[in-house]
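A.B. asks: A structural model of the following input is requested.
(chains A and B)
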Amino acid sequence: MGEMRTQVPLSDLLTLSAVGLLVSTFGVVVRRSFAGWLSAYRYQSIILAGSTAVIAYETGVWEIYAAAALTLAVKAVVIPRLLVRVTGSVRDEFKIEANPFVSVRLSLLISTLLVALSYGLVRQTLASANLDVFAVTYLPVSVSLFFIGLFVMVSRRMALNQVVGLLIIENGLFLFTTALTQGVSLIIEVGILADILVGVMISALLLLRMSQTFDSFDIASLEKLKDD
Amino acid sequence: MPSTFLADLGAAALPSGWSALALTILVTPATAMALVTLTHKRRPAEIITFASILLVVVQTLGLVGGVLSQGHFSALDGFLYLDAFGALILIPIAGVGFVAAIYSVGYMRRQYDRGVVDDRHIVRYYQGFNAFVLTMLLVPLANNMGLMWVAIEATTLVSVFMIMLYTNQEAMEAAWKYLMVATVGLSLALLGIVLFSYANTNISPSAAASGSGMNWTSMLADAKLLDPGIVKIAYVFVLVGLGTKAGLAPMHTWLPDAHGEAPTPVSALLSGVLLNCAIYGVLRFNIIASGALGPELPSELLILLGLLSMGVAAASIYFQKDMKRMLAFSSVEHMGIVALSVGFGGLVGLFAALLHIINHAIAKPLMFFASGTVSQRYETKVMTEIKGVIKTMPFTGAVLLLGGLAIAGMPPFNIFLSEFLVMTAGFGSGQFLAGSLMILLLVVVFAGFLRHLVPMVFGSPKRPGRFIPPDAHPEGDREGILEAVPMAILVVLVVILGFYIPQPLQVLIRDAAQVLGQGATP
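C.D. replies: The predicted model follows:
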């Protein structure tokens, strides 16, 4: 793919967007407030849509353009607005991660290690496959997003943060799919996005009810159900 | 193939290209959901839901007949596909859906009379019920594995919605954990599915060009050629991901909470049907992985997870206090047995696994219905506070005892039959250690069930105040028949299937076992 003319700028563009995705993910890791996480997530989604558009341009598949547009609309606009609106009535102290299970400094270190691990893993497991330039650039990033999202989910106390972690995982998944298989068919893409959207709506509804019933969004207060 | 009534029915109803039309089974619950939303009243919602699920049962019988006569068929350009394995999974969806719909009416009316729910809740409940049936029906019908994933994720969302119908703290906690754990698990599964599809498009330019790389039939056609390195990782991802949803240990942590806190008819659907849909997904990929890697590794993984699930469940059942959580852990145990049986393999093992899916789908809803009725009357789920059910509610007490003995694997009930077949398969395939461990764990489960069940059924009611006699709610007992009918249907099935499997079902299971065994045969 690509003639000589586009070769150099393309790889630059890919590297740049990969860096942007990682930086925005770290934005979620280092910030303590819900507004901070959301804006980092929004940047991440915008860059993700941009990366998708680049893949669409290079491969010339119109379905990937549509996927990029949908990503931009749903993940960069609808989901952040929805979450802001639902949590509007919640007191500020429940939106701030004051005392995470793992300190922010240590989280940053672990996240960096996770990125390194992702690059190593992808290189090792997919060594035999002949990957194209998109896969080479984006696969390690997508696996990093997956790992860091998972780490954010388990290392924080605020239930809101678990939603953000889940959204990062979903972004990683989307990048993985698009980079590896040049996008699954559009109807599946739409189905996945619909699932994410409904999932965010349900978790927002649940959060709202929890904020009315429990005193906080602290997941440590979710401990009634266990076997003893 | 022997001519059977159902096959004749199928051949008559589906002469040729009609099979695609039969896939309109998805339209039925979708329409019902729309109608419930439009009418937005309690009584019409009950009637619409019942009519819809009755139609789904008829459509399922038609599809089963079609599969028996034609083998398999696809629709919508290969997007949907149905073979014997898929048809077998459709049966519990329609069947349990049917009894759960009847039970729902009685159960929700009583909740309404007790003031637990209002009209709005009930309309939402029936909207959710139809949506739940719709998403579950889509799982065995999807040929595109991405579509199957979308359907399974949708079942999570709908069932979370139904668990949080009651806004008490426990239900919300259960719903939250379920949503988070299942969604993360399913994300892993999607990674695996994408890797499978990548492995497929990598070696099959035609699949890549036509965009059918994610279709199960296309993967199966190329199974032997797929890159084993990629398939190995992909299968582990799918197994962990869908295994989470299927409640296999150690990914089962959300299950007892969710199944324990859901409204009883929903618990019956979650345990009796939804787990099958998830394990169905695992087994679909097991066929591909067995083809690409050879059967050894996938079988060993399934045996390992199966035994682990049985072990965790046996311990938790023995020391359990909460009646519904005990039943939830029993589901973990039975999904473990299914995984174990497929791991044992061979035609006997696969046949036993599929028969066990059906048997569990009959016995578990029965137990949930009985325990739901009991806990509604005693207003507790703590087993030590429930005594002498046989005296206070003779019918439900008898059902509880019978169902409990059946689910614990006592002969001559249906679960015993399939468990015995699983053991036969285990020793037949030379897995003596796994087979012996299975017997040991079954004994622990049996002892655990008996330990809880006997005082509940036969004990003398210690605290009479705990039991709310029917006449305390003069309005409340009116619908007792709506709870007794579904239980009676299931009891009859539990007993009959213990010594007699109708021939069409036998043929269907055998065909489905052949589908499952496709990967392992050279």
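A.B. asks: is any part of the lowest-mean-pLDDT helix or strand in chain A close to chain B?
C.D. replies: When each helix and strand of chain A is scored by mean pLDDT, DSSP states H and E, helix A:4-30 comes last, with a mean of 83. No. Counting by CB under 8 Å from any CB of the partner chain, chain B is not contacted by helix A:4-30; separation bottoms out at 15.5 Å. The C-beta positions use only the backbone N, C-alpha and C, and glycine is treated the same way.
A.B. asks: buried stuff in that helix?
C.D. replies: A:10, A:13-14, A:17-18, A:20-22, A:24-29 (16 or more other CB atoms under 10 Å in any protein chain shown).
A.B. asks: quick one, grab the pLDDT at residue B:141.
C.D. replies: With respect to pLDDT, residue B:141 scores 93.
A.B. asks: check contacts around it.
C.D. replies: Residue B:141 is in contact with B:23, B:25-26, B:80-82, B:86, B:90, counting by CB atoms under 8 Å, 6 or more residues apart in numbering or on different chains.
A.B. asks: in those residues, which residue is surrounded by the most others?
C.D. replies: Compared across the contacts of residue B:141, residue B:82 has the highest neighbour count, 27 neighbours, by other CB atoms under 10 Å in any protein chain shown.
A.B. asks: before we move on, back to that, what is the nearest of the buried residues of helix A:4-30 to residue B:370?
C.D. replies: Among these, residue A:28 lies closest to residue B:370 (CB to CB), at 47.6 Å.
A.B. asks: how many neighbouring residues does residue B:428 have?
C.D. replies: Using other CB under 10 Å: residue B:428 sits among 15 other residues.
A.B. asks: I figured it hits residue B:347, correct?
C.D. replies: No. Counting by CB atoms under 8 Å, residue B:428 sits too far from residue B:347 to count as a contact (10.1 Å).
A.B. asks: residue 48: how many residues sit nearby?
C.D. replies: If you meant another chain, say so; for now it's chain A. By other CB under 10 Å, neighbour count at residue A:48 equals 28.
A.B. asks: please refer instead to chain B.
C.D. replies: Residues near residue B:48, counting by other CB under 10 Å: 21.
A.B. asks: now, which of the contacts of residue B:141 lie within strands?
C.D. replies: Among the contacts of residue B:141, the residues falling in strands (DSSP state E) are B:80-82.
A.B. asks: after the helix ranked longest in chain B comes which helix or strand?
C.D. replies: Assignment by DSSP state H gives helix B:169-203 as the longest helix of chain B. Sequence-wise, the next helix or strand downstream of helix B:169-203 (DSSP states H and E) is helix B:205-210.
A.B. asks: can I get that following helix as CSV, trimmed to CA atoms?
C.D. replies: C-alpha atoms of helix B:205-210 as CSV (Å, rounded to 0.1, in the frame of the first residue of the first chain):
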residue,chain,number,x,y,z
PRO,B,205,-8.2,-15.0,0.8
SER,B,206,-11.7,-15.8,-0.2
ALA,B,207,-12.9,-15.3,3.4
ALA,B,208,-11.0,-12.0,3.5
ALA,B,209,-12.4,-10.8,0.2
SER,B,210,-16.0,-11.7,1.0
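A.B. asks: helix or strand right after it?
C.D. replies: Downstream of helix B:205-210, the next assigned helix or strand under DSSP H and E is helix B:216-221.
A.B. asks: close to chain A, is that following helix?
C.D. replies: No. For a cut-off given as CB under 8 Å from any CB, helix B:216-221 has no contacts with chain A; the smallest distance is 12.7 Å.
A.B. asks: confidence-wise, which helix or strand of chain B is lowest on average?
C.D. replies: helix B:5-13 (a mean of 52).
A.B. asks: list phi and psi for residue B:134.
C.D. replies: Backbone torsions of residue B:134, given as degrees, to the nearest 10, read phi -60, psi -50.
A.B. asks: whoops, residue B:142 was the one
C.D. replies: Dihedral angles (degrees, to the nearest 10) for residue B:142: phi -80, psi 130.
A.B. asks: distance check, it against chain A.
C.D. replies: 10 Å (CB to the nearest CB, to the nearest Å).
A.B. asks: hang on, the earlier thing: next SSE downstream of the least confident helix or strand of chain A?
C.D. replies: helix A:34-59.
A.B. asks: what residues are up against residue 24?
C.D. replies: Went with chain A since none was named. A:40-41, A:43-44, A:47.
A.B. asks: wrong one, chain B
C.D. replies: Counting by CB under 8 Å, 6+ apart, residue B:24 makes contact with residue B:59.
A.B. asks: could you rerun that using 10 Å?
C.D. replies: Residues in contact with residue B:24 (CB atoms under 10 Å, 6 or more residues apart in numbering or on different chains) are B:30-31, B:55, B:59, B:75.
A.B. asks: point out where chain A drops to low pLDDT.
C.D. replies: Along chain A, segments meeting pLDDT under 70 span A:1-8, A:91, A:93-94, A:128-129, A:183, A:215-217, A:219-220, A:223, A:226-228.
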